[in-house]
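**Q** Pasting the sequence and the predicted model now:
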Amino acid sequence: MRTALRIWGVVKPYWKRLLFTYLFLLISLGLDLSIPWLLQQVIDVGIARAQPRFMATAGLAVLGIGLAKALLSFGQRYQSQWLSFRVMYDLKNTLYKHIQSLPFSFHDEAQTGQLMTRCTGDVNAIHRFASTGLLEVVHIVVMTIGVVTILFAQNWRLAILALAPIPILLVLAIRFGRLARNMFNEIMQAVGKLSTILQENLTGIQVVKGFAREPHEIVKYTAQSEEVFKKRIHVIRYFSINFPAMFTLVFVSTALILYYGGRQVMAGDMTIGTLIAFNGYVAMLGMPMRRLGFFINMFSEALASADRIFALLDEPVRIRTPRDPVTLEQVEGRVTFENVSFRYLNSDAYVLRDLDIQAEPGQVIALLGRTGSGKTTAVNLIPRFYDVSKGSVSIDGVDVKKLDLEALRPQIGIVLQESLLFSATIRENIAYGRQDATEEEVVAAAKAARAHDFITEFDDGYDTDVGERGVTLSGGQRQRIAIARALLMNPRILILDDSTSSVDTETEYLIQQALQALMEGRTTFVIAQRLQTLIHADQILVLDQGEIVERGRHEDLLQQEGLYKEIYDLQLRDQERLRRELLELGGLVEKRRPCPPAAISGGRVFEGLNN
């Protein structure tokens, strides 16, 4: 009942249209109820008394009823369909908006396929119920009350006999409805898993083909599809058992009427017209009773889907703008972590412990550490993708929890290792964060990101469609588009999360040039595995198991003989020793290019080896 009331809450804003729909339905049902009575009059008056004029009048009345029902049916169908599509429109928009507002902690655990199923299959189930089910329930209730009242008014003894099987039918229908709801819930869960498999497979098709795992994926998809099939067949089997039982009970009522009613006609206690009308009314009652099964089927499916939808809508939005947010007139970019600890939702283990970081405006802060040491989690606290468990993160002295999210996040530019591009043009992807950007601003951002040259080589230039997830571009090209996107936002704080780890050396050089332009005058947090990208940072923070174990500049950390020194020895020691030896022997010429200090090997490109 609670779920049904929540479904009503979705329909309630359009109660006027629902009222008109029910009005058309009630008038139509009233006309239906007049047909057996009219037939009774035709037999008992027109035929029995041989009155042809009455027969003609009755024929015209039936024709008028037919025309009236056609008009009423049009109004009823139009209003009900408009209402159902509007409910579907509202639900999809509400779900999408809510999903967008849910924090990263929810999306870390949610399956994309399940979310897609709730936004499509589950919403469609409620749409079907709103278009048909809401009318069915009124049709069943009104028709049942109307028929039962007329039957008792005509012959209460025969009415009791005819209606005797109906309570059994109701018990069967209610029991079936309860079981069907659980069955449909299991079906939608299985469909969600099937959607997840499909979504993951299509997203990772390169990996699937690269490892020749197509047969395995086909078997996995087929197995889950078979699971959906089996669950649906289970429901159908249950339907096939219950529906014939319901039909049989209706025929039992008809048989009782014909037997006992026929004897009353022969005894002179009932006219033939009354018997035919009585049987007609019971037949009309049989229709809603039979439709009761379909209604319960539809209602059970809608309830199961509504449970899943409302469970998603009930997910709390734990990270939101405070009621009275603090406004920063001009962000300078001073970022402070004070005794910050963090653990994920539903977990007792802290992934960050007692972090203290002070980043001054314009500084470059590098984070280094083994996989799983908490680097990405730490920087995700700055734009409030997660909230700290203990301590505070502040920007220009104001706790980020007190800031307006819509004002905070545009001040933070993020370039990830795998930058996502949307299925749109290059221009639209660059201007994603600033829809009002001019053509000149878009081009200027692309030039600064070292992307303009390859963009203009495409036939359509900035109007080139990049395909789903930017599939038509190389990894380096996608990265530079992402950098241009961040540049156009002109943020005061930058987060660069391993943004050059998956590209070749030449592309890395171009990306480093673009990043240097992006980092100019901004507070920057850099996460990287290659020390070459970190050695010129103002602060290097070495994390291990969620704690800062070392901090300082490159030269200072080399003297500490700690984790940083271990990583340096693995990556750069031999390279640096070779460079020094070649310089001493005069076999290496250093040529400075007009490239930024943070480019490869500290801004120098070594060219030429003399014999």
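**A** The structure has been received and is ready for your questions. Numbering: from 1, shown residues only.
**Q** what residue is smack in the middle of the chain?
**A** Leu115 (4.1 Å; CA atoms, centre = their mean).
**Q** distance of that one from Leu303?
**A** For Leu115, the distance to Leu303 (CB to CB, to the nearest Å) stands at 20 Å. Using the backbone N, CA and C atoms, a C-beta is placed for each residue, glycine as well.
**Q** Around the residue lying closest to the residue nearest to the centre of the chain once chain neighbours are set aside, how many other residues sit close by?
**A** Computed as CB to CB, 6 or more residues apart in numbering, the closest residue to Leu115 that is not its neighbour in sequence is Ile99, at 6.3 Å. Counted with other CB atoms under 10 Å, the neighbours of Ile99 add up to 17.
**Q** Quick check, Ile99 in contact with Val317.
**A** No - the pair Ile99 and Val317 fails to qualify as a contact (CB atoms under 8 Å) at a distance of 10.4 Å.
**Q** hey, what's in contact with both of the two?
**A** Listed as contacting both Ile99 and Val317 by CB atoms under 8 Å, 6 or more residues apart in numbering is no residue at all.
**Q** pLDDT-wise, which helix or strand of the chain ranks last?
**A** Counting by mean pLDDT, DSSP states H and E, the chain has its least confident helix or strand at strand 604-609, which shows a mean of 29.
**Q** List the buried residues in the helix or strand containing Ile567.
**A** Ile567 belongs to helix 563-571 when assigned by DSSP states H and E. The neighbour-count check on helix 563-571 (16 or more other CB atoms under 10 Å) flags 563-565, 567-568 as buried.
**Q** Dump the C-alpha coordinates for it into CSV.
**A** Coordinates of each C-alpha in helix 563-571 appear next as CSV, following Å, rounded to 0.1, in the frame of the first residue of the first chain:
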residue,chain,number,x,y,z
LEU,A,563,60.5,5.5,-0.4
TYR,A,564,61.1,8.4,-2.8
LYS,A,565,64.8,7.4,-3.1
GLU,A,566,63.8,3.8,-3.8
ILE,A,567,61.5,5.0,-6.7
TYR,A,568,64.2,7.4,-8.0
ASP,A,569,66.8,4.6,-8.0
LEU,A,570,64.4,2.4,-10.0
GLN,A,571,63.4,5.1,-12.6
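**Q** now it, how far from the centre of its chain.
**A** Offset of helix 563-571 from its chain centre (CA atoms, centre = their mean, to the nearest Å): 44 Å.
**Q** mean confidence for that helix?
**A** Averaging pLDDT along helix 563-571 yields 76.
**Q** Packing partners of the one helix or strand Ile187 maps to?
**A** Here Ile187 sits within helix 166-203, counting by DSSP H and E. When contacts are defined as 3 or more CB pairs under 8 Å, 6 or more residues apart in numbering; DSSP states H and E, helix 166-203 packs onto helix 112-117, helix 214-256, helix 272-313.
**Q** Give me the angle between it and helix 272-313.
**A** Orientation of helix 166-203 against helix 272-313 (axes from the mean of the first three to the mean of the last three CA atoms, to 10 degrees) gives an angle of 40 degrees.
**Q** What residues sit buried inside helix 166-203?
**A** Neighbour counts over helix 166-203 (16+ other CB under 10 Å) mark 166, 169, 172-173, 176-177, 180-181, 183-201 as buried.
**Q** so Leu134 touches Ser80, yeah?
**A** Yes - counting by CB under 8 Å, Leu134 touches Ser80, with 7.3 Å between them.
**Q** who touches both of these two?
**A** With contacts taken as CB under 8 Å, 6+ apart, Leu134 and Ser80 have Thr21 as neighbours in common.
**Q** and the protein, what are its domains?
**A** 2-313, 335-564, 572-611 (automatic domain parsing).
**Q** just so I know, which of those domains lies nearest Thr321?
**A** Nearest of the domains of the chain to Thr321, taken as CB to CB: domain 335-564 at 4.9 Å.
**Q** and that closest one, how far out from the chain's middle?
**A** Per CA atoms, centre = their mean, the centroid offset for domain 335-564 relative to its chain is 26 Å.
**Q** Likewise for stretch 36-56?
**A** The gap between where stretch 36-56 is centred and where its chain is centred comes out at 62 Å by CA atoms, centre = their mean.
**Q** cool, and stretch 34-50?
**A** 60 Å.
**Q** Tell me where the stretch 351-500 of the chain has helices.
**A** Assigned by DSSP state H, counting those that start in this stretch, the stretch 351-500 of the chain shows helices spanning 375-380, 405-408, 426-430, 439-448, 452-457, 475-489.
**Q** Surely Lys401 touches Pro322?
**A** Yes - using CB under 8 Å, Lys401 is in contact with Pro322, at 6.8 Å.
**Q** the more surrounded of the two?
**A** More neighbours surround Lys401 than the other of Lys401 and Pro322, with 19 against 12 (other CB under 10 Å).
**Q** in a helix, that's where His348 is, yeah?
**A** Check again: residue 348 is Asp, not His. No - assignment of Asp348 by DSSP: H, G, I helix; E, B strand; the rest coil gives coil, placing it outside any helix.
**Q** So it versus Ser389, what's the distance?
**A** For Asp348, the distance to Ser389 - CB to CB - is 11 Å.
**Q** Please apply the same query to Ala445.
**A** From Ala445 to Ser389 the distance is 37 Å (CB to CB).
**Q** The two - which one has more neighbours?
**A** Ala445 (27 against 17).
**Q** In contact with the more buried one, which residues?
**A** 430, 437, 484-485, 487-488.
**Q** Show me which of the residues you listed is closest to Val235.
**A** Distance to Val235, by CB to CB, is smallest for Arg485 among those, at 48.1 Å.
**Q** What count of nearby residues applies to the closest one?
**A** By the measure other CB under 10 Å, the count of residues near Arg485 is 25.
**Q** Touching, it and Ala437? I think so.
**A** No - using CB under 8 Å, Arg485 makes no contact with Ala437, being 10.2 Å away.
**Q** Okay, now the unreliable bits of the stretch 301-450 of the chain?
**A** Across the stretch 301-450 of the chain, the ranges flagged by pLDDT under 70 are 417-418.
**Q** What is the subsequent helix or strand relative to the longest helix seen in the chain?
**A** The residue-count maximum for a helix in the chain (DSSP state H) belongs to helix 52-101. Per DSSP H and E, the first helix or strand lying C-terminal to helix 52-101 is helix 104-109.
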